[in-house]
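Undergrad: Give me a model of this one.
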Amino acid sequence: MLEFLPEPMREPTVLAIPFFVTLLAIEWFAAAKLEHDDTETAPPGAYDSRDARSSVSMGLVSIATSAFWKFLGLLLYSVLFAYVALWQLPADEWYTWMIAFLGVDFLFYWSHRVSHRVRLVWATHQAHHSSEYFNFATALRQKWNISAAVLMWIPLPLLGIPPALVFAAYSLNLIYQFWIHTERIGKLWAPVEFVLNTPSHHRVHHGCDPEYLDRNYGGVFILWDRMFGTFAPEIRRPRYGLTKPVDTYNILRLQTHEYAAIARDVRGASTWRARLGYVFGPPGWTPRDLVGEQVAGTTGASSERI
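TA: Coordinates of the predicted model:
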């Protein structure tokens, strides 16, 4: 079925599509049959057909776009692995797989964190957060530009991890993250919640409530968030989506509207520092933050983003 792809790129995520579709169909059927209370927001576990179609469509396109970026990454990693790495770990040893899996998850945490704190990278990632629903379809609402993640994985081939294992570990990471996009599963056994990323933790990550913003970046392990101070527990049901909704189901606009907004802000900026701030500052950055930083530097006080 995947013979047209290079051997290292016959990914587990493609083979897992039947699993994704089956779980999505079961959850969608349950959402249609179960009675919900009237709420101002979408009831827990609800589906909207237009929203779900957009999510699935973005996921299908992402298979092709991700293959393109991973092909470029494969070329780069192969050069680094063959000519730069000081040693080459054997691909058939269990410890190489473990290093690859843990390394990918650790770098996924930092790549994910950067995606929320650098606006240019956020422009690639925000599409995944644009749904106001949280279900298995949302898990398929993937970004089309994974170039930042490909760059973030560069240390792995330099550590001697075979390039094929980097992609395999990332695919397993994504497969794990599919099942945590649901409101049908509550909190799990406490030791599991402490170590692993779970639906409860990931609901927090997708929340647009102030107390939930920029929290729980982990892929498989939530331990990274606990270690680096970005963990937040689920204390109430989040409101999902972007802080400024896009109000469209057009998948091209969902993927590109933030790039267009960056371009507008850069064109309207009067200084190069402001232009750079709009591109590399955090989402929501304005020149007023630049003034606040300058004042903080002269007074010793910390500025608070407006």
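Undergrad: use CA for all of it now, contacts and neighbours both
TA: Noted.
Undergrad: I'd like to know how far residue 174 sits from residue 253.
TA: If you measure residue 174 against residue 253 using C-alpha to C-alpha, to the nearest Å, the figure is 24 Å.
Undergrad: More neighbours: the two, which one.
TA: Shown here are residue 174 and residue 253; by other C-alpha atoms under 10 Å, residue 174 has more neighbours (17 against 14).
Undergrad: That one belongs to a helix?
TA: Yes: read with DSSP: H, G, I helix; E, B strand; the rest coil, residue 174 is one of the residues of a helix.
Undergrad: Assess the claim that it and residue 14 are in contact.
TA: No: the criterion here is C-alpha atoms under 8 Å, and residue 174 misses it with residue 14 at 10.9 Å.
Undergrad: burial of residue 186, as a residue count?
TA: Applying the criterion other C-alpha under 10 Å, we find 10 residues in the vicinity of residue 186.
Undergrad: Now do the contacts for the closest residue to it other than its chain neighbours.
TA: The shortest distance from residue 186 to any non-neighbouring residue, by C-alpha to C-alpha, 6 or more residues apart in numbering, is to residue 200 (6.4 Å). Residue 200 makes contact with 180, 185, 186, 187, 233, 234, according to C-alpha atoms under 8 Å, 6 or more residues apart in numbering.
Undergrad: cutoff 10 Å now
TA: In this structure, residue 200 makes contact with 180-183, 185-188, 193, 233-237, judged by C-alpha atoms under 10 Å, 6 or more residues apart in numbering.
Undergrad: Okay, and which of the residues you listed map to helices?
TA: Where the contacts of residue 200 overlap with helices, as defined by DSSP state H, the overlap consists of residue 193.
Undergrad: element containing residue 134?
TA: Residue 134 is part of no helix or strand when elements are defined by DSSP states H and E.
Undergrad: Look up how far residue 43 lies from it.
TA: 10 Å.
Undergrad: ok, now residue 285?
TA: Between residue 285 and residue 43 the distance, using C-alpha to C-alpha, works out to 32 Å.
Undergrad: circling back to that earlier point, which members of the contacts of residue 200 are positioned in strands?
TA: Applying DSSP state E to these, no entry is found in strands.
Undergrad: can I get the contacts of residue 200 in a markdown table with distance to residue 138?
TA: Shown next, in a markdown table, are these (distance: C-alpha to C-alpha, whole Å):
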| residue | distance to residue 138 |
| --- | --- |
| 180 | 10 |
| 181 | 7 |
| 182 | 9 |
| 183 | 11 |
| 185 | 15 |
| 186 | 17 |
| 187 | 19 |
| 188 | 21 |
| 193 | 22 |
| 233 | 21 |
| 234 | 19 |
| 235 | 22 |
| 236 | 20 |
| 237 | 17 |
